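In: The following block contains a protein sequence and its predicted model.
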Amino acid sequence: MFVEPHSTVLLNHAYIAFLLYTDPGSGILIWQLVLAAFFGGMFYVRKVKDLIVRRKDRTRTE
Amino acid sequence: MNPSYGTRPVPSLDSLSGQSTKASATFRDPAGRVLLLNDRVLRLVTNQGAQELRGFLDSNAARELLARGQLVKTTFLDAEIQDLGLSLAEVGPTANSSAALVVEHEPIAPRSFPYEWSPRMLHAAGSLMLDLAETTLAENFSLKDATPYNVLFRGAQPIFVDLLSFESREPRDPTWLPFNQFIRTILLPLLMNKYFGLRLDQLLLAHREGIEPAEVAQACSLLRKFNPLFLSLVFFPHWLGRKGSSHNGAIYQPRKLSNAEQAKFILQRQFRQLRRQLDKLQPSGRDSEWSGYMTADRHFSEDYLQAKQSFVVAALESTTARKVLDVGCNTGHFSRLAAERGASVVAIDQDPTVIDLVWKQAAADRLDILPLVVNLARPTPAVGWRNQECPSFLERTRGKFDLVLMLAVLHHLLVTEQIPLPAILELAAELTSEFLIIELVLPADAMFHSLVRGREALYSDVTKESFEHFANEFFTIAHAHRLTDTRWIYLLRKP
């Protein structure tokens, strides 16, 4: 799901700022990544669900 | 409402000789620095910070937030930092351009800090930050940090003041940078307060950067592990932190998705989850020793209350006080009387529960009352680096009020806190620029008697005559009124 952080993705300003401002403790950060992965999966589940609902509506109108 | 671009004259440091011109509120922000000059709040912004700031303030999101009163009003001054006689080095450690910007913010006074807020006020600050995060997401802006120190209260309304916290976000980035800080500085302190009864003033005074999940986990019983709120805020982060201790910094690498819509969906769900957690941490209306003082538990008559209220109302109207400090405000009854007559009121009490009630009512009724958890006998000290970042309560408020109320509080200062009467009156004279309304409770009074607990001999010299003698050292007595056999109320005026 995540783009691999190769050399194509440099530390941008946002992340420099991130380290300067928020002093991230690893536990909450890892939990944030876990939640993000979960919600990322929900995104596709919702897309599939929307597709099924649209197909049902189309079948009903036909 | 666009930010205004003005040509208001920029004060030069030379014209402010003798003033504390370098009393900057922040030095931690690499994008800029705040200077407090007299009553003006100026922010010196580096070139890079200026670009982001202009971009944000020109956005629809910023206009909406300004219209709602959730962001501090800001004016761009037609000046550069050299006009202030400052060098780049004084602006900030990463200042790298001679084209840095000066902006002026609407002053919000007095400043207050999170360790002076009640639980509902911290909750309101957290809710404000989520509002900002959700509103700015649509235009690809985000907050860099979510510390409650970015919020001030104008009366009872929270306002976000650190505009340099906003920056443009990469649309494919699913990470809300301040997630960790929001949990540590807002959610976990509220959790400790709600479930363990720990006072926020004690927690936040000692922990500027909030509380770690590991610290909360230590205080939890086994049963708490099955509480969903504790699982998500405490136990999973704590467990993952121990498991991930050998990550070698890999988790801090930036991440981008291939799909911007997905990134936005993730952020929206995160905000929704944080909002649900914040809602569950809404402070409950717990009673305290003093929360029933003005109602069922009172030891005084209706006549006494009416007489006291009439005196205070007459004094408020005759003095036309505009800035009022209510010391020992309790449920805020007299603060309300002052606010309803057009005054800006700061109401202090050492009991967080009553301050919560005062804030809740002031916010609901849109009254200009700023309630703070402050004990006048031990007011909040100056804290932070070199004791300069957050000035003490007395430094922020000395001489800033034209009327101070000290109703039914003098005997507590005398007996419980053992402060001598002349010292109390001396401090009151420093706090007010003109008037003091003070209630004298004599040793024969039932409340005084209950505090003394057998030590009556120590207070035998507290009489009406001795009080007036000491009061005349700092004030003239404008009016005096006998409320009961053991209570008098005075309107005092500085000469």
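Out: That came through, no problem.
In: Longest helix in the chain, by number of residues?
Out: Using chain A here. Counting residues, the longest helix found in chain A (DSSP state H) is helix A:26-61.
In: Chain B is the one I meant
Out: The longest helix of chain B (DSSP H) is helix B:260-280.
In: any low-confidence regions in chain B?
Out: Residue ranges of chain B with pLDDT under 70: B:1-27, B:79-100, B:244-251, B:285-300.
In: re earlier: give the buried residues for the next helix or strand after the longest helix of chain B.
Out: Remark: after helix B:260-280, the chain's next helix or strand is helix B:302-319, criterion DSSP states H and E. By neighbour count on 16 or more other Cβ atoms under 10 Å in any protein chain shown, the buried set for helix B:302-319 is B:Ala307, B:Lys308, B:Phe311, B:Val312, B:Ala315, B:Leu316, B:Thr319. For glycine as for every other residue, the C-beta is placed from the backbone atoms N, C-alpha and C.
In: between those residues, which is nearest chain A?
Out: Nearest to chain A among these, counting by Cβ to the nearest Cβ, is B:Leu316 at 44.4 Å.
In: which ones are touching that closest one?
Out: B:Leu316 is in contact with B:Val324, B:Leu337, B:Ala338, B:Arg341, B:Ala343, B:Leu403, counting by Cβ atoms under 8 Å, 6 or more residues apart in numbering or on different chains.
In: can you tell me which of those residues are in helices?
Out: When DSSP H is applied, the contacts of B:Leu316 are split such that B:Leu337, B:Ala338 fall in helices.
In: neighbours around the closest residue to B:Leu427 other than its chain neighbours, how many?
Out: Residue nearest to B:Leu427 in three dimensions, not counting chain neighbours: B:Leu376, with 7.5 Å by Cβ to Cβ, 6 or more residues apart in numbering or on different chains. The burial count assigned to B:Leu376 is 23, neighbours taken as other Cβ atoms under 10 Å in any protein chain shown.
In: Using the three-state scheme, assign B:Leu376.
Out: Secondary structure, DSSP: H, G, I helix; E, B strand; the rest coil: B:Leu376 is coil.
In: what's near enough to touch the closest residue to chain B within chain A?
Out: For chain A, the residue closest to chain B is A:Gly27, as judged by Cβ to the nearest Cβ, at 2.4 Å. Neighbouring residues of A:Gly27 by Cβ under 8 Å, 6+ apart: B:Glu212, B:Pro213, B:Ala214, B:Pro237, B:His238, B:Trp239, B:Leu240, B:Gly241, B:Arg242, B:Gly244.
In: As CSV, the residues you listed with distance to chain A and secondary structure would be great.
Out: Output for those, formatted as CSV (distance: Cβ to the nearest Cβ, whole Å; DSSP: H, G, I helix; E, B strand; the rest coil):
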residue, distance to chain A, secondary structure
B:Glu212, 6, coil
B:Pro213, 6, helix
B:Ala214, 7, helix
B:Pro237, 4, helix
B:His238, 6, helix
B:Trp239, 8, helix
B:Leu240, 4, helix
B:Gly241, 2, helix
B:Arg242, 7, helix
B:Gly244, 5, helix
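In: What would I type in ChimeraX if I wanted to highlight the buried members of the residues you listed and nothing else?
Out: Restricted to buried positions by 16+ other Cβ under 10 Å, the ChimeraX selection for the contacts of A:Gly27 reads:
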select /B:212,213,237,238,239,240,241,244
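In: Quickly name whichever of the contacts of A:Gly27 is closest to B:Thr136.
Out: For these, the residue nearest B:Thr136 by Cβ to Cβ is B:Pro237; the value is 25.7 Å.
In: and the closest one, what is it in contact with?
Out: Residues near B:Pro237 by Cβ under 8 Å, 6+ apart: A:Gly25, A:Gly27, A:Ile28, A:Ile30, A:Trp31, B:Ile183, B:Pro213.
In: Now compare those and name the two farthest from each other.
Out: Of all pairs in the contacts of B:Pro237, the most separated under Cβ to Cβ is A:Ile30 and B:Ile183 at 12.7 Å.
In: Between those two, which has more neighbouring residues?
Out: Each of A:Ile30 and B:Ile183 has its neighbours counted (other Cβ under 10 Å); B:Ile183 has more, 27 against 20.
In: For that one, give me the backbone phi and psi.
Out: Per-residue torsions, B:Ile183: phi -70, psi -40 (degrees, to the nearest 10).
In: so what's it up against?
Out: By Cβ under 8 Å, 6+ apart, B:Ile183 lies in contact with A:Ile28, B:Gly210, B:Pro213, B:Leu233, B:Pro237.
In: ok now do B:Asn60, which residues does it touch?
Out: B:Glu139.
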